[in-house]
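Colleague: Take a look and give me a structure for this.
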Amino acid sequence: MAVELESMNEDFPESSGFTIKSVNDVETLKDWIQAGTEGFGLKQSTSELLFDIESKLGFGEHLPRRSYVGYLNGKPVSCSLLLMTSGVAGLFCVATLPEARRRGIGTLISLAPLKEAREKGCKVGVVHSSKMGYGVYRRLAFEDYCKIGLYRLYSTG
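Modeller: Just a heads-up that it's a prediction; the model follows:
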């Protein structure tokens, strides 16, 4: 899916008690990992590996990769990741905890990085949507351009 960032829909109400922070330090990264772990249902070992990788990549607005964590009444409940290159903003790792869904939080945690990308000169936003997130991205004015199949290898032993 893709959207021209100048044309995306930004007319969404704030969610009461919801705030978004950029991940700029290890403590906020821990919150980002927690929200992603619970939102995606990841194993603890996967979360530890992700923390190791992300913490080594570093933080800062000078980087083309930025992470965001959403808090509902102070609790980390959502996350997203932005990768900017060649005028394109890729949106990844968007998750919301089950108990915080259906409140517009997924929309807001997706919109914030896209707005920042536009401010930094990106013209187009892209995302590979799950079935659950599809409506969120359509409301933001993303359009389908291709379908990508995902396959998982399951061990039976």
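Colleague: Residue ranges in the protein under the pLDDT threshold?
Modeller: Where the chain drops to pLDDT under 70, the residues are 150-157.
Colleague: ok, longest strand in it?
Modeller: In the chain, with assignment by DSSP state E, the single longest strand is strand 75-85.
Colleague: Only C-alpha atoms, please: export that one in CSV.
Modeller: Extracted as CSV, the C-alpha positions of strand 75-85 are listed here (Å, rounded to 0.1, in the frame of the first residue of the first chain):
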residue,chain,number,x,y,z
LYS,A,75,1.3,2.4,29.9
PRO,A,76,3.1,1.5,26.6
VAL,A,77,0.3,0.1,24.4
SER,A,78,1.5,0.6,20.8
CYS,A,79,4.5,0.9,18.6
SER,A,80,5.7,1.7,15.1
LEU,A,81,8.9,2.0,13.2
LEU,A,82,9.8,4.4,10.3
LEU,A,83,12.5,3.9,7.7
MET,A,84,13.2,6.9,5.4
THR,A,85,15.2,6.6,2.2
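Colleague: Tell me what angle the very next helix or strand once past it forms with strand 75-85.
Modeller: Downstream of strand 75-85, the next assigned helix or strand under DSSP states H and E is strand 88-96. Per axes from the mean of the first three to the mean of the last three C-alpha atoms, to 10 degrees, the angle that strand 88-96 makes with strand 75-85 is 160 degrees.
Colleague: what's near enough to touch the residue most central in space within the chain?
Modeller: The C-alpha lying nearest the average C-alpha coordinate of the chain belongs to residue 80 (C-alpha atoms, centre = their mean; 1.8 Å). Taking C-beta atoms under 8 Å, 6 or more residues apart in numbering, we find residue 80 in contact with 67, 68, 70, 91, 92, 93, 94, 95, 109, 110, 112, 113. In short, each C-beta sits where N, CA and C put it, glycine included.
Colleague: Just the buried ones out of these, please.
Modeller: Among the contacts of residue 80, those buried by neighbour count (16 or more other C-beta atoms under 10 Å) are 67, 68, 70, 91, 93, 94, 95, 109, 110, 112, 113.
Colleague: Contacts only, for the closest residue to the third one other than its chain neighbours.
Modeller: I take that to be residue 70. Leaving aside its chain neighbours, residue 70 sits nearest to residue 78 (3.6 Å; criterion: C-beta to C-beta, 6 or more residues apart in numbering). Contact analysis of residue 78 by C-beta under 8 Å, 6+ apart lists 35, 39, 69-70, 72, 94-97, 100, 105-106, 108-109.
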